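Novice: predicted coordinates and the sequence they were generated for:
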Amino acid sequence: MADLFDTGPESGPAGGAEPAPVRPRPLADRLRPQSLAEVIGQEQILGPDGPLGAMLAAGSLSSLILWGPPGVGKTTIARLLAAESDLHFVQISAIFSGVQDLKKVFEAARIRRSNGQGTLLFVDEIHRFNKAQQDGFLPHMEDGTILLIGATTENPSFELNAALLSRSQVLVLERLSLAELERLTQRAEKELGRPLPLTGEAREALLEMADGDGRAALNLIEQVMAWKVEGKLSPDQLATRLMRRAAKYDKSGDEHYNLISALHKSVRGSDPDAALYWYSRMLEGGEDPRYLARRITRMAVEDIGLADPQAQTHCLHAWETYERLGSPEGELALAQAVIYLALAPKSNAGYMAYKMARQLARKTGSAPPPKHILNAPTGLMKEQGYGAGYAYDHDAEDAFSGQNYFPEDVKRPVMYSPVERGFERELKKRLDYFTRLRLQRQGD
């Protein structure tokens, strides 16, 4: 384990002046793993059967993109891979580096290679580089000048060039679990030589505040250890001293789409509790309730449809209520709409029928309607057969003529197939009734 303090140079400044006071290193730096075996978490990629474990065992490391949230070990893993592969480690950040910086890095790597030393280039926030800058890595990756390891918190499939992705393997790093954060806490307590002054419940609350971020957990631990307290603090006492970290949420990024997907699928899966949870997670992250109102209404149209015609109306009323009340009171109306949708009977029959109709419309192009359902306001149109043979449904038995309304050269499809749930059960009875009548009338 690293020493508690950096000792620095022995000699002081000229003239016999006292040396500058030595500052303690941050806890996160002191606990930085010295080997991959010391890394906490990420067993899915570091284990013997994981991709990195297999690469190291085979002695063949390829360029990588490490995708995961902050504080899960992306930088540490890259540094240790360089050490275990005997590569010179170079770290840059896409936020602070430009074209000239990259040129210097590539030139130094080229000289290093000519001297028999490889280079592992770690690029933090690699998604911040534009397309041209990302393309600039390709020739140096292909000729072996660098082995690239990029780190990103954003979905690589959206943010990185296809050419760069095709030359790299994407590895997904996960948030640290509470058990893994507890292991990290125990390691910190051993380094500091004393336990956290917290009750069991407060200790768990502290780890929850870290929100799966190991670096944040160590920073919180360092803060708590600096307090002069007697006994052990309760969760309430801890909460008065520490502010809870804001949940990781980017209203325009990957997390935004992940959470709205979770909300939508929870509603579709008829789970009101899960749906309310994801709805609340988005609100806590700062999501615009109007966006949620629009998406909730979409769920009613797509996943409930005519199985419960009131669902859409309920959502629109909740949306209107929010517009009148605003936050936070209006958010309750949207929450109640979420509950209603989750418990409503589900059907996508109307949605599927609409998609099939659009597909058929594209396929049949300009096929005209049959002449018997065309109006004939002029004599010429009557001579052409417009309106000839049209049966006025109100004059027919059961107010149903059973005539064909599709183009004459288009085979009649079956597009709307209502389910045996909710109000669509009644619509299915009506559809089946008209289908029987149509077959009967057309057979007469």
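Specialist: On my side now, so go ahead. Bear in mind that the values here come from a model prediction, so they are computed numbers and not experimental data.
Novice: show me the domain layout of the chain.
Specialist: Following automatic domain parsing, one finds the domains of the chain at 42-172, 178-241, 254-343, 369-443.
Novice: mind putting those domains into a markdown table with mean pLDDT and mean neighbour count?
Specialist: For glycine as for every other residue, the C-beta is placed from the backbone atoms N, C-alpha and C. A markdown table is the format used below for these (pLDDT from 0 to 100; neighbours: other Cβ atoms under 10 Å):
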| stretch | mean pLDDT | mean neighbour count |
| --- | --- | --- |
| domain 42-172 | 92 | 17 |
| domain 178-241 | 92 | 16 |
| domain 254-343 | 93 | 18 |
| domain 369-443 | 88 | 13 |
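Novice: dump those into a markdown table; add distance to Arg32 as well.
Specialist: Below are the domains of the chain laid out as a markdown table (distance: least, Cβ to Cβ, whole Å):
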| stretch | distance to Arg32 |
| --- | --- |
| domain 42-172 | 6 |
| domain 178-241 | 10 |
| domain 254-343 | 27 |
| domain 369-443 | 57 |
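Novice: those: which one's closest to Ala349?
Specialist: Ranking the domains of the chain by proximity to Ala349 (Cβ to Cβ) places domain 369-443 first, at 5.0 Å.
Novice: now do the strands in the stretch 51-200 of the chain.
Specialist: Residue ranges of the strands in the stretch 51-200 of the chain, as given by DSSP state E, counting those that start in this stretch, are 64-67, 88-93, 119-124, 147-152, 169-172.
Novice: what's near enough to touch Leu263?
Specialist: Shown in contact with Leu263 (Cβ atoms under 8 Å, 6 or more residues apart in numbering): 275, 278-279, 282, 292, 295, 338.
Novice: of all the domains of the chain, which lies closest to Pro24?
Specialist: The closest of the domains of the chain to Pro24 is domain 178-241. By Cβ to Cβ, the value is 9.6 Å.
Novice: for the domains of the chain, which one sits closest to Lys355?
Specialist: domain 369-443 (8.8 Å).
Novice: hang on, Gly118 packs against Ala82?
Specialist: No. Gly118 is beyond contact range of Ala82, at 9.0 Å (criterion: Cβ atoms under 8 Å).
Novice: re the thing from before, could you dump the strands of the stretch 51-200 of the chain to a markdown table with distance to Pro235?
Specialist: Below are the strands of the stretch 51-200 of the chain laid out as a markdown table (distance: least, Cβ to Cβ, whole Å):
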| stretch | distance to Pro235 |
| --- | --- |
| strand 64-67 | 34 |
| strand 88-93 | 37 |
| strand 119-124 | 35 |
| strand 147-152 | 34 |
| strand 169-172 | 33 |
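Novice: what's the closest of those strands to Ala58?
Specialist: Closest approach to Ala58 among the strands of the stretch 51-200 of the chain is made by strand 169-172 (13.3 Å; Cβ to Cβ).
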